[in-house]
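> From the sequence below, what's the structure:
(one chain, ligands or ions: 2)
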Amino acid sequence: MSYVDEVFDMVVEKNPVQPEFHQAVKEVLESLRVVIEANEEAYRKDALLERLVTPERQILFRVPWVDDKGQVQVNNGFRVQFNSAIGPYKGGLRLHPSVNLGIIKFLGFEQIFKNSLTGLPIGGGKGGSDFDPKGKSDREVMAFCQSFITELYKYIGADTDVPAGDIGTGAREIGYMYGQYKRLTGLYEGVLTGKGLTYGGSLARTEATGYGLLYLTEEMLKCNGKDIAGKTVAVSGSGNVAIYAVQKAQQLGAKVVTVSDSTGWIYDPEGIDVALLKEVKEVKRARLTEYAAARSSAQYHDKALEGTNQWIVKCDVALPCATQNELGLEDAKTLVENGVIAVAEGANMPTTLEATKYLQESGVLFCPGKAANAGGVATSALEMSQNSERLSWTFEEVDGKLKDIMVNIFHNLDAAAKKYGLDGDYVAGANIAGFLKVAEAMTAQGIV
Ligand code: NDP
Ligand code: 2IT
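Ligands and ions are numbered 1, 2, ... in the order given. Next comes the predicted model:
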């Protein structure tokens, strides 16, 4: 049996009931086959792949907090410090009832390669909790965040592990966590990114993932003789990534006609009104029904009632920006029938393996999340740089660096795919380019 297959079987056996983790590992290992086989003996002797798929450290902890009725609630807390070969662990914290160890491991594993692709010195990590911020008061969210950090602060630090936002963790949560870290340690350091602008946050971090997604998509289209301007775009999600993807797509001359949340989706043939979307989602924390109620051109579709999602809408470019496995094979077939030319992942692993294969085989330009959404973590790393030098850069400076990083990522993964005879396979290109740097650093640092 080949080394790649052996390691994949080992991952499934040793990590039962973690399907998302298996899926992420499978995608990466399949792409690496050509690289591993060229150097199999050395990699096998060093157990390089076994070390790559095994987190350096997994921290699991209890998060007790008191709700507004005086009732004690208990959540599970997670931080998986996956790989520190090229820098301190870096990656977000997801707060969502679906969070479990397998989901955090899939996200942490993806983060290793994503962070490597940015070209910046950051290792891979991820964390979170099954806490659901939806419907909680600010005081309840603060109580949870303070309890979460009261345990996690022992394991994080500006030079060891730097968490940030992800689903359910935005500026409010990062603020509460930062305050508690500072209180416990007495340190005013860049231990978290996505901070508010008054206490060490970076300009353009809020916009970075969505903007970066569009910078990369624009470059991918350009290198294939196409232009983002004038295209019809379907976006899923209506959170941090989706909102700024919509905004940048519109700035680049595209028309975005859909957004979604976990219960429904909007079709707005006149183009999404970003100011209204921000008001509904960022200020009121309300549902998309409120967007539809305030805009006559918008149609609201209830996912459960209709059994549909936004991928039935005809578009040139699809940008899944909500969550994992939200674009399956049937969705991919519909998109292709409707003439989609490009899919770029704003979320982490939103496209199933079968759907990815179908899109690629149908000639759709497909950019995986670990490349396409790397602008968020890249700008987090720029926030770390600013914190270290105790300076703040202008919006234009950060945005300019973000754009350069995204354009470089595309060219690096394109070149890696070509080098291994996989021209146009950007999934393989991203995995190979991300892997090679980490593998070289791991090899140089010995068996650790
Ligand atoms: P937010 O919490 O701001 O928004 C998440 C959006 O996705 C919401 O519209 C939410 O709807 C929807 N959503 C979440 N879970 C589900 C689900 N199970 N089914 C359907 N819809 C769902 O998160 P972000 O925008 O920050 O993150 C979105 C994706 O982007 C995630 O995959 C994240 O890992 C990834 N990402 C985020 C980065 C960042 O910088 N924030 C960086 C790189 C990747 P609802 O409100 O109804 O729950
Ligand atoms: O998935 C991701 O890259 C993020 N949620 C952002 C991580 C970060 O450290 O900014």
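> Residues of the stretch 201-350 of the chain that sit close to ligand 1?
Residues of the stretch 201-350 of the chain found near ligand 1 (C-beta under 6 Å from any ligand atom) are 209, 237-242, 261-263, 321-323, 346-348. All C-beta atoms are positioned from the backbone trio N, CA, C, and that covers glycine.
> So which of the residues you listed belong to strands?
Judged by DSSP state E, the subset of those located in strands is empty.
> Span of stretch 356-367 from start to end?
Start to finish, the residues bounding stretch 356-367 are 10 Å apart (C-alpha to C-alpha, to the nearest Å).
> what about the residue of the chain found nearest ligand 1, neighbour count?
Scanning the chain for proximity to ligand 1 using C-beta to the nearest ligand atom identifies Gly239 as nearest, at 1.7 Å. Using other C-beta atoms under 10 Å, Gly239 is surrounded by 23 other residues.
> quick one: which two of the residues of the stretch 201-350 of the chain next to ligand 1 are the most distant?
Spatial extent of those (C-beta to C-beta) is set by the pair Thr209 and Thr263 at 22.7 Å.
> more neighbours, those two?
Shown here are Thr209 and Thr263; by other C-beta under 10 Å, Thr209 has more neighbours (32 against 14).
> do you know how far that one is from ligand 2?
Relative to ligand 2, Thr209 is positioned 7 Å away (C-beta to the nearest ligand atom, to the nearest Å).
> The stretch 251-400 of the chain: helices as residue ranges?
In the stretch 251-400 of the chain, the helices defined using DSSP state H, counting those that start in this stretch lie at 274-278, 288-294, 303-306, 329-337, 353-361, 369-372, 374-389, 395-419.
> quick one, which of those helices is packed in tightest?
With neighbours defined as mean count of other C-beta atoms under 10 Å, those peak in mean count at helix 369-372, which reaches a mean of 30.
> distance between the ends of stretch 153-167?
Stretch 153-167: ends 21 Å apart by C-alpha to C-alpha.
> anything in it near ligand 1?
Yes: shown here: stretch 153-167 in contact with ligand 1 (C-beta under 6 Å from any ligand atom) through Gly165, Asp166, Ile167.
> Could I get those residues in a markdown table, plus columns for neighbour count, pLDDT and secondary structure?
Below are those laid out as a markdown table (neighbours: other C-beta atoms under 10 Å; pLDDT from 0 to 100; DSSP: H, G, I helix; E, B strand; the rest coil):
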| residue | neighbour count | pLDDT | secondary structure |
| --- | --- | --- | --- |
| Gly165 | 27 | 98 | coil |
| Asp166 | 27 | 98 | strand |
| Ile167 | 24 | 98 | coil |
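> Would you mind giving me the confidence score for the residue nearest the centre of the chain?
Central residue check for the chain by C-alpha atoms, centre = their mean: the C-alpha nearest the mean position is that of Asn348, 4.3 Å away. Note for Asn348: predicted pLDDT of 98.
> Leu107 is in contact with that one, correct?
Yes: between Asn348 and Leu107 there is a contact under C-beta atoms under 8 Å: 5.8 Å.
> quick one, what contacts Glu279?
Listed by C-beta atoms under 8 Å, 6 or more residues apart in numbering, Glu279 has no contact partners.
> if we can go back for a sec, for the residues of the stretch 201-350 of the chain next to ligand 1, which one is nearest Tyr358?
Nearest to Tyr358 among those, with distances taken as C-beta to C-beta, is Ala347, at 18.3 Å.
> name the helices or strands packed onto the top strand by length along the chain?
The longest strand of the chain (DSSP E) is strand 72-83. With contacts taken as 3 or more C-beta pairs under 8 Å, 6 or more residues apart in numbering; DSSP states H and E, strand 72-83 sits against strand 57-66, strand 89-95, helix 101-117, strand 123-129, helix 138-152, strand 161-164.
> Please convert these to JSON lines, extending it with mean pLDDT.
Formatted as JSON lines, those follow (pLDDT from 0 to 100):
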{"stretch": "strand 57-66", "mean pLDDT": "98"}
{"stretch": "strand 89-95", "mean pLDDT": "99"}
{"stretch": "helix 101-117", "mean pLDDT": "99"}
{"stretch": "strand 123-129", "mean pLDDT": "99"}
{"stretch": "helix 138-152", "mean pLDDT": "99"}
{"stretch": "strand 161-164", "mean pLDDT": "99"}
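> And those: which comes nearest Asn373?
Across the helices and strands packed on strand 72-83, Asn373 has its closest neighbour in helix 101-117 (7.5 Å, C-beta to C-beta).
> Would you mind writing the CA trace of that closest one as CSV?
Extracted as CSV, the C-alpha positions of helix 101-117 are listed here (Å, rounded to 0.1, in the frame of the first residue of the first chain):
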residue,chain,number,x,y,z
LEU,A,101,-13.3,18.1,18.2
GLY,A,102,-13.5,16.7,14.7
ILE,A,103,-14.7,20.1,13.3
ILE,A,104,-11.9,21.9,15.1
LYS,A,105,-9.4,19.4,13.9
PHE,A,106,-10.5,19.8,10.3
LEU,A,107,-10.3,23.6,10.6
GLY,A,108,-6.9,23.4,12.3
PHE,A,109,-5.5,21.1,9.7
GLU,A,110,-6.7,23.3,6.8
GLN,A,111,-5.1,26.3,8.6
ILE,A,112,-1.6,24.8,8.4
PHE,A,113,-1.6,24.9,4.6
LYS,A,114,-3.5,28.2,4.4
ASN,A,115,-1.1,30.0,6.7
SER,A,116,1.8,28.6,4.8
LEU,A,117,0.3,29.9,1.6
